[in-house]
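Asks: How does the following fold in three dimensions:
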Amino acid sequence: MATWTPQKRDVLDAICDDFLHNYGKGRTLLAIDGAPGSGSREFADALAERLGKGSHAVFRASIDEFQRPRAERQVRGVDSAEGYYLDAFDYELFRRVLVEPFRLGGSAGFVTAAFDAARDVQIEMDWKTGPQDGTLVVDGPFLNRPELRGIWNYSIWLDVTPEESAARLFDQHGATGRSSRYAGAQALYDAEAHPRDRATAIVDNTDADSPRRLFADAC
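Replies: Numbering: from 1, shown residues only. All right, here's what the predicted structure looks like:
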């Protein structure tokens, strides 16, 4: 079991309490959205662990495991912002094998990962099932774009300073993390979807060990 600072644990637990109060029954979907380098995967892992600390069933997925083959996602060029925003992810597959069967409940099977982008190969489908009440926590970029609008019961937007975002991208991807594709794609997303405004909750994740819940009248 992971350990966190008291502040991080308190923020996670407050979000979990809010979520379960409103969405504790049935099959529900929770998105962890944010700009590249916001730390969405790590935050989603931590939130999922706290959300499942009782008897509530929790499943994890990342939109990064639903990417398209490299030839398709880089057809506009390796550094293309438009390519990253428009071509990188297979939203039809994501909805067909994960979102739709998960929401059906019952004995319907669902798949939480479908593509290994690093190896550029499909992942063998591992069909899962779960109880009638359960939550799917999904992390990744662009989760409130038009193709996914309306599927989330609750979404969290992670704020992070541009400097911290750039530092994390460099740590993750080396020199390619400085490519304009990330900032450019985020600008396209912001202009089209206004994801921060659509979020149920906003968290300043600049200091990942001490995140802070923000509120609209104080943002």
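Asks: what about the strands in the protein?
Replies: Ranges of strands within the chain are 27-34, 57-62, 115-116, 121-122, 134-139, 154-159, 201-204, 212-214, based on DSSP state E.
Asks: Reformat these as TSV; add mean neighbour count, distance to Asp79 and mean pLDDT.
Replies: For glycine as for every other residue, the C-beta is placed from the backbone atoms N, C-alpha and C. Shown next, in TSV, are those (neighbours: other C-beta atoms under 10 Å; distance: least, C-beta to C-beta, whole Å; pLDDT from 0 to 100):
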stretch	mean neighbour count	distance to Asp79	mean pLDDT
strand 27-34	25	21	97
strand 57-62	18	23	98
strand 115-116	17	21	97
strand 121-122	10	23	96
strand 134-139	25	24	98
strand 154-159	23	24	96
strand 201-204	20	29	97
strand 212-214	15	32	94
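Asks: okay, those in a markdown table with distance to Gly77 next?
Replies: As requested, the strands of the chain are arranged in a markdown table below (distance: least, C-beta to C-beta, whole Å):
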| stretch | distance to Gly77 |
| --- | --- |
| strand 27-34 | 25 |
| strand 57-62 | 24 |
| strand 115-116 | 20 |
| strand 121-122 | 22 |
| strand 134-139 | 26 |
| strand 154-159 | 28 |
| strand 201-204 | 33 |
| strand 212-214 | 36 |
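Asks: Quick check: which of the ones you listed is nearest to Gln7?
Replies: Closest to Gln7 of the strands of the chain is strand 212-214 (C-beta to C-beta; 7.8 Å).
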